[in-house]
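Student: build me a structure from this.
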Amino acid sequence: MLAPFLLERRLLPKVWGGRALESKLGIPLPAGAEPIGEAWELFDRPDGSSRLRGSDGTLSDLVRSHPEELVGAGVPLGHGGTFPLLLKFLDAHQGLSLQVHPDDRQASGDMGKDECCLILHAADDARIVHGVKPGVTKEQLLASWQTPAVEDLLYSFRPKVGDLVHIRPGTPHGIGPGVVAFEVQENSDLTYRFYDRGRDRDLHADEASRVLEVEAHEAPPVMRSTSLADGGELLLATEHFVVRRYQLARAFELPTEAAYLTITVLGGSARVRWDERGVRGDLTVGRSDTVLVPASLARVLVEPQGDVDVVVCGPGAR
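Tutor: Residues are numbered from 1 along each chain as shown. A predicted model of the protein is given here:
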């Protein structure tokens, strides 16, 4: 039976990034002035996969050798038999491009990209673009598609710490400036940029126009959480993933229900313990660490060392 394990991260330089992953989340960054935009905490992509901490093995190795024991029977894998989710921390020091993602039907050579962002830090100038202003049509949007004028048609708001924003495929959006977030998404890297705010990068206007859905807002599209009986909060449930949050100082149990769980610590630290069918162990999980709990384990116990703030993710409805 597989046991839970910690994952090593990958840091990605981005033109819009900064150094806030270190100052706000305690993630060590390499010396120098290079802006870091993303820290991939769990990933299984063609160009690399999360390494199991303290091992030469990777998440990809386990997905391919023990798929049901790891993700669960009946849980769909990602494109090409990969792990179905990608988890990351995001430092949008500057604004990202204005962009849109395809869904699973529209994606070619990858999964679609359903995603959500949990806001961990919001500067005074923080912004999120999501959908369009009331009355804006698809034709109007396409007429300004690759020009600064498109920003006047899109809905934007200043997010608050703790906000969860669900970005469905087809939604025109942009994150930042001034935002640090935890992102849960399908295991996809398909992003179609239609305006890059003056940066000299490739645009994908044709692809974006084919998947665009016009969604108008009059108020910030922030998800409302639901209190759970075990002391946690249900932040979001989609067909692709379920996201919960626990901010507790007491121990709590997390049943797997025969499907994988991920545990990411946003603040504090905890011990994750398990004892089942002769397999017993524990892990110390610190700030910004991610643990993957395999489906073959029935439950784990999370014991906070003081106060702890964790996000727990699992597959969507089966």
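Student: going along the chain, name the strands of the stretch 101-250 of the chain.
Tutor: 115-122, 128-132, 154-157, 164-167, 173-175, 179-186, 192-195, 226-227, 233-237, 241-248 (DSSP state E, counting those that start in this stretch).
Student: mind listing the helices for this protein?
Tutor: 20-25, 59-65, 67-71, 138-143, 205-211 (DSSP state H).
Student: so what does the last one touch, helix or strand wise?
Tutor: Taking 3 or more CB pairs under 8 Å, 6 or more residues apart in numbering; DSSP states H and E as the contact definition, the neighbouring helices and strands of helix 205-211 are strand 98-100, strand 192-195. (C-beta placed from N, C-alpha, C; glycine too.)
Student: please list the outside residues in contact with that helix.
Tutor: With contact meaning CB atoms under 8 Å, 6 or more residues apart in numbering, helix 205-211 is reached by 99-103, 106, 142, 145-146, 169-170, 172, 192-194.
Student: for residue 53, find the nearest of the strands of the stretch 101-250 of the chain.
Tutor: strand 179-186 (19.2 Å; CB to CB).
Student: start and end of stretch 240-260, how far apart?
Tutor: One end of stretch 240-260 to the other measures 13 Å (CA to CA, to the nearest Å).
Student: rounded mean pLDDT for that stretch, please.
Tutor: For stretch 240-260, mean pLDDT is 97.
Student: that one: which residues count as buried?
Tutor: Buried residues in stretch 240-260, counted by 16 or more other CB atoms under 10 Å: 240-248, 252, 254, 256, 259-260.
Student: looking at those residues, which is nearest residue 309?
Tutor: Nearest to residue 309 among the buried residues of stretch 240-260, with distances taken as CB to CB, is residue 247, at 4.8 Å.
Student: the closest one: what's its closest spatial neighbour, skipping adjacent residues?
Tutor: Closest residue in space to residue 247, ignoring its immediate chain neighbours: residue 309 at 4.8 Å, by CB to CB, 6 or more residues apart in numbering.
Student: ditto for residue 46
Tutor: Leaving out its chain neighbours, residue 46 is closest to residue 80 (CB to CB, 6+ apart), at 7.4 Å.
Student: need the strands of the stretch 101-250 of the chain in TSV (columns: distance to residue 10).
Tutor: Output for the strands of the stretch 101-250 of the chain, formatted as TSV (distance: least, CB to CB, whole Å):
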stretch	distance to residue 10
strand 115-122	18
strand 128-132	24
strand 154-157	30
strand 164-167	22
strand 173-175	19
strand 179-186	14
strand 192-195	22
strand 226-227	33
strand 233-237	24
strand 241-248	20
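Student: out of the ones you listed, nearest to residue 28?
Tutor: strand 179-186 (15.7 Å).
Student: partners of that closest one, with directions?
Tutor: Looking at strand 179-186 with DSSP bridges, its partner strands are strand 85-92 (antiparallel), strand 115-122 (antiparallel).
Student: closest one to residue 296 among these?
Tutor: So among the strands paired with strand 179-186, strand 85-92 is nearest, using CB to CB, at 17.9 Å.
Student: the closest one vs strand 128-132, what angle?
Tutor: Inter-element angle recorded for strand 85-92 and strand 128-132: 110 degrees (by axes from the mean of the first three to the mean of the last three CA atoms, to 10 degrees).
Student: hey, C-alpha coordinates of stretch 94-107 in CSV?
Tutor: C-alpha atoms of stretch 94-107 as CSV (Å, rounded to 0.1, in the frame of the first residue of the first chain):
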residue,chain,number,x,y,z
GLN,A,94,2.6,42.8,-12.6
GLY,A,95,-0.6,42.0,-14.4
LEU,A,96,-0.6,38.7,-16.4
SER,A,97,-1.8,38.8,-20.0
LEU,A,98,-5.5,38.9,-20.7
GLN,A,99,-6.3,35.4,-21.7
VAL,A,100,-8.8,32.5,-22.0
HIS,A,101,-8.6,28.7,-21.6
PRO,A,102,-10.3,25.9,-23.5
ASP,A,103,-12.4,23.2,-22.0
ASP,A,104,-11.8,19.5,-22.3
ARG,A,105,-13.7,19.2,-25.6
GLN,A,106,-11.9,22.1,-27.2
ALA,A,107,-8.4,21.2,-26.0
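Student: where in the chain is pLDDT low?
Tutor: 318 (pLDDT under 70).
Student: looking at this protein, which residue reaches furthest from the middle?
Tutor: residue 278 (33.8 Å; CA atoms, centre = their mean).
Student: what would the buried residues of stretch 240-260 look like in TSV with distance to residue 283?
Tutor: Output for the buried residues of stretch 240-260, formatted as TSV (distance: CB to CB, whole Å):
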residue	distance to residue 283
240	26
241	22
242	22
243	21
244	19
245	20
246	16
247	20
248	18
252	16
254	13
256	15
259	19
260	16
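Student: from those, which two are the most distant?
Tutor: Top of the distance list for those (CB to CB): 240 and 248, 26.3 Å.
Student: before I go, just wanted to say thanks for your time.
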